[in-house]
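J.: A structural model of the following input is requested.
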Amino acid sequence: MTMQNYVEGKVIVITGAGGGFGKLLSEKSAAMGARVVCAGRHEENIKSVVEGIRANGYEASYIKTDVSVKADVDAMAQFAIKQYGRIDVLVNNAGTMPLAFFWASISLYKNRYLTPLRTRLPACFLCSIVQINLIPIRI
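T.: Next comes the predicted model:
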């Protein structure tokens, strides 16, 4: 039994693509034939990911994006559309992760627990709104 490749030819935008799961997902998606847009706050990291993808003969591009800033998210979407004509999949992967238990003190709670929320909540909302606005209305 052969598995169908549902990724091939798709345009996939991945936030947080500069490292960790986002990097892995970018590399694997490109290897399966997707055209990947890597987005992240650290330009040197996402550039390196894209260079690695391209060195293997696959297609990818990148844009520096802070997903907690609406103008950056809008620019990310427009970049993907300008590069590839559409967005088929948007992976909301960006976020920060505390390295210490947040309940250890109120200071850690404020600095290490709330910071990830300030990134993740706006990112999910802003990226979803941008994607929804790009869906063509069919009657």
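J.: burial of the residue nearest to residue 64 when sequence neighbours are not counted, as a residue count?
T.: In this structure, residue 64 finds its nearest non-sequential neighbour in residue 43, 4.4 Å apart by Cβ to Cβ, 6 or more residues apart in numbering. C-beta: built from backbone N, CA, C; applies to glycine. Look at residue 43: counted by other Cβ atoms under 10 Å, it has 13 neighbours.
J.: Please apply the same query to residue 64.
T.: The tally of other residues near residue 64 (other Cβ under 10 Å) stands at 19.
J.: So it sits against residue 45, correct?
T.: No: the pair residue 64 / residue 45 is not scored as a contact, 9.9 Å apart, by Cβ atoms under 8 Å.
J.: which SSE is residue 38 in?
T.: Using DSSP states H and E, residue 38 falls within strand 35-40.
J.: Next secondary structure after that strand?
T.: On the C-terminal side of strand 35-40, the closest following helix or strand by DSSP H and E is helix 43-55.
J.: now the next helix or strand after that following helix, how far from the centre of its chain.
T.: Next along the chain after helix 43-55, taking DSSP H and E as the criterion, comes strand 60-64. When distances are taken as Cα atoms, centre = their mean, to the nearest Å, strand 60-64 is centred 10 Å away from the chain's centroid.
J.: and for stretch 34-43, what are the contacting residues?
T.: Identification of contacts with stretch 34-43 by Cβ atoms under 8 Å, 6 or more residues apart in numbering yields 7-19, 22, 26, 29-30, 46, 49-50, 53, 58-67, 76, 79-80, 83-84, 87, 89, 94.
J.: Cheers, nothing more for now.
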